[in-house]
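Participant: Here is a sequence with its predicted model. Questions after.
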Amino acid sequence: MADNKTKATGISPAAFIAGIDHPTRRADAETLDALFRDISGWQPRMWGPTIIGYGAYHYTYDSGREGDMCATGFSPRKANLSLYIMPGYQDFGHILDRLGKHKLGKACLYINKLADVDIDVVAEIIQAGLDDLGTRWPVKPS
C-alpha cells in the first residue's frame with residue numbers, strides 16, 4: 001500500500017502564513033489560525049507544503065489502509081480557503097445551512113473569503129468536526 005503523501009513537516013506555519021502574497025488571503029489565514037488555535041487549544045503544524053493542521057489522529061480503514069493526519073486545519077489556497085474537517089461533513093447540513101457562500105468536497109469545505117461566511121458558524125463547524133472525529137478515532141494534541 002502506498003504511503004500517504006500528506007505528512008507533518010517542520011515548516012513554520014507562521015512563516016508560511018507571512019509568505020502569502022494576497023493581503024486578503026493572508027489576513028483570512030491569520031484569522032483562521034487564531035480561530036483554530038482558540039477552538040482546539042492546540043498549536044499549528046504544517047502538513048505537506050500548504051495545510052496548517054491542528055492535532056492529529058491515526059486511522060485504520062476496513063481496507064487495511066492506515067496513516068496519520070491532522071485532526072482539523074485549513075489551507076489558504078489561491079482559489080479559495082480549504083477547511084479540513086475530518087472525516088467529513090456527512091452530518092453537518094443543519095450547520096452548513098447557516099454558513100453562507102461555500103462549496104463542499106469529501107472532507108473539505110471551500111470558502112472564497114471569510115467575508116462570505118458567518119465566522120461564528122465556521123467556529124461551530126470546527127468544533128463539531130473535532131467532536132465527531134473524537135468519536136471515531138483517538139485525537140492527539142499538537
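Facilitator: Happy to help now that I have it.
Participant: Roughly how far does residue 81 sit from residue 105?
Facilitator: 12 Å (CB to CB, to the nearest Å). Glycine gets a C-beta too; all of them are placed from N, C-alpha and C.
Participant: Of the two, which one has the most company?
Facilitator: More neighbours surround residue 81 than the other of residue 81 and residue 105, with 24 against 12 (other CB atoms under 10 Å).
Participant: which residue sits closest to the more buried one, ignoring its sequence neighbours?
Facilitator: residue 111 (4.6 Å; CB to CB, 6 or more residues apart in numbering).
Participant: Helix, strand, or coil at the residue nearest the centre of the chain?
Facilitator: Nearest to the mean C-alpha position of the chain, counting by CA atoms, centre = their mean, stands residue 73 at 2.2 Å. On the three-state scheme (DSSP: H, G, I helix; E, B strand; the rest coil), residue 73 is labelled strand.
Participant: The residue nearest to residue 81 - how many residues pack around it?
Facilitator: Residue 111 has 21 neighbours, counted by other CB under 10 Å.
Participant: okay, it: pLDDT?
Facilitator: Per-residue pLDDT puts residue 111 at 97.
Participant: Could I get the contacting residues of residue 123?
Facilitator: Going by CB atoms under 8 Å, 6 or more residues apart in numbering, residue 123 touches 35, 38-39.
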